[in-house]
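[1] coords please:
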Amino acid sequence: MPKPIVTPWDDLLQDVRSPADWQVKRASIMERFRSLLRAEAAPPRPSKLDLRIEEKLPADGYLIQKISYNVESDDRATAYLAIPDGPVPAGGFPAVLCIHGTWSWGARRIIGLPPLSGDGDKKPPLKGDDYARALTKRGFITLSPEHFCAGTRCPAEGTYDTAAFYRKHPTWSAIGKSTLENQVALDVLCALPQVNSQRLGVTGHSLGGHNTIFLSAIDDRIRCAASSCAGLTFNENPEPLHWSRDYWYIYIPQLREQFLRGQRIACDFHEMMALTAPRPMLEVFALNDTDWSSQAQRVLLHLKLAQLWRLLEHEPAHSFTVFGDGHALTDLTTGAIISWMERWLKYDGNPIGGWSPPRLG
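    Below you'll find the predicted structure:
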């Protein structure tokens with residue numbers, strides 16, 4: 001018999017022997033996750049979106065609309081909505097929320113638009129960066145919001161600087177703010193008559209990969225998630241202070257003292273991803289993206305997650321892809337994301353690998 005693989009992630013299924021046991025454990029994880037987001041400091045989601053079309057940009061095979069909508073009582077988001085040409089299918093288009101990484105013109109970049117004159121980094125995108133455009137070309141409505149401190153929402157301190165945010169919300173967190181805004185983006189998609197609100201996905205790279213995990217964990221309207229290069233975990237990370245540094249983009253400042261004391265963080269990424277189960281979850285990442293040994297731990301993390309999806313009898317709905325291209329989106333990884341979305345959001349009733357998931361609405 002092969003020896004059992006012992007990992008730092010074994011606490012996930014400790015004392016969990018049945019789906020009923022998991023539901024009890026899941027409630028505890030959700031409470032800790034909401035505390036991590038500092039959800040108690042969040043303002044309420046806006047009761048009125050006040051959705052406005054700011055600009056229309058025809059593209060090859062689809063229409064892009066630059067839109068804006070309320071995310072707080074005194075704050076509006078900007079996003080790029082892309083709608084495929086042709087008739088709306090019965091029940092509406094499947095839709096994917098596309099979350100960009102820390103590129104200065106991130107939302108425009110992933111939908112295939114050039115940078116605006118005020119955008120900083122003008123380097124041409126790599127093949128694979130325009131994943132929102134690729135998904136739209138494959139028949140998905142996509143929504144690509146600008147991060148709250150980037151693009152046209154860039155603060156005076158500079159792109160991705162969170163100082164102004166914390167002056168306004170000193171007890172909240174940047175990941176809580178971005179997660180709430182992505183929930184509002186789902187509200188926008190659900191309000192569109194062309195969208196099938198039962199077929200919603202989310203994907204993103206780097207910072208967008210983190211936010212993909214956070215959103216799918218907390219909002220079960222997400223039926224399919226695909227995260228790319230989301231970085232290292234909290235507790236198996238040689239430089240965990242990056243998660244609560246004291247400059248530039250500060251994810252969760254409240255964790256800094258715990259990191260400095262060497263304490264374990266109460267909710268790590270294996271638990272966040274587990275909150276998505278049994279819904280489909282794909283993660284793609286590179287062993288040579290930052291620290292090799294920490295990324296190897298991420299492989300072990302997914303072996304533990306696979307046990308959870310198996311326990312819940314949805315084993316094909318969990319997947320991970322490991323590659324060697326560093327912190328980059330390539331045609332290989334973008335292809336995997338598109339394939340995952342098509343598999344689960346366009347499912348037509350045919351068995352997948354001899355197994356039939358629940359029919360989507």
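[2] residues contacting the residue sitting nearest the centre point of the chain?
    The centre of the chain sits closest to Thr212, judged by C-alpha atoms, centre = their mean, with a distance of 0.8 Å. By C-beta atoms under 8 Å, 6 or more residues apart in numbering, the residues touching Thr212 are 99, 202-204, 225-228, 230. C-betas here are computed from N, CA, C, even on glycine.
[3] State the pair within the residues you listed that is farthest apart.
    The distance between the two most remote of the contacts of Thr212 (C-beta to C-beta) is 12.3 Å, for Val202 and Ala230.
[4] Looking at the two, which one has more neighbours?
    Val202 (29 against 26; other C-beta atoms under 10 Å).
[5] gap between that one and Lys48?
    In this view, Val202 and Lys48 are 24 Å apart by C-beta to C-beta, to the nearest Å.
[6] just to revisit the earlier point, by neighbour count, sort out the buried ones in the contacts of Thr212.
    Listed as buried from the contacts of Thr212 are 99, 202-204, 225-228, 230; burial here means 16 or more other C-beta atoms under 10 Å.
[7] Just the ones in strands from those, please.
    Members of the buried ones among the contacts of Thr212 lying in strands (criterion: DSSP state E): 99, 202-204, 225-228.
[8] ranges for the helices of the stretch 201-350 of the chain?
    207-218, 256-260, 269-274, 292-311, 331-345 (DSSP state H, counting those that start in this stretch).
[9] TSV for the ones you listed, including mean pLDDT and distance to Ala191?
    Output for the helices of the stretch 201-350 of the chain, formatted as TSV (pLDDT from 0 to 100; distance: least, C-beta to C-beta, whole Å):
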stretch	mean pLDDT	distance to Ala191
helix 207-218	98	17
helix 256-260	96	38
helix 269-274	98	27
helix 292-311	95	32
helix 331-345	94	19
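[10] can you list the ones you listed in a markdown table and add distance to Asp130?
    Shown next, in a markdown table, are those (distance: least, C-beta to C-beta, whole Å):
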| stretch | distance to Asp130 |
| --- | --- |
| helix 207-218 | 13 |
| helix 256-260 | 35 |
| helix 269-274 | 26 |
| helix 292-311 | 25 |
| helix 331-345 | 8 |
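[11] quick one: which of those helices is nearest Tyr131?
    helix 331-345 (5.2 Å).
[12] Alpha carbons of the closest one, in CSV - could you do that?
    Extracted in CSV, the C-alpha atoms of helix 331-345 (Å, rounded to 0.1, in the frame of the first residue of the first chain):
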residue,chain,number,x,y,z
ASP,A,331,-2.6,30.4,-25.0
LEU,A,332,-2.4,27.1,-23.1
THR,A,333,-3.9,28.5,-19.9
THR,A,334,-6.5,30.7,-21.6
GLY,A,335,-7.5,27.7,-23.6
ALA,A,336,-8.0,25.7,-20.4
ILE,A,337,-10.2,28.5,-18.9
ILE,A,338,-12.3,28.7,-22.0
SER,A,339,-12.7,24.9,-22.2
TRP,A,340,-13.7,24.9,-18.5
MET,A,341,-16.4,27.6,-19.0
GLU,A,342,-17.8,25.8,-22.1
ARG,A,343,-17.9,22.5,-20.3
TRP,A,344,-19.9,23.7,-17.4
LEU,A,345,-21.9,26.8,-18.6
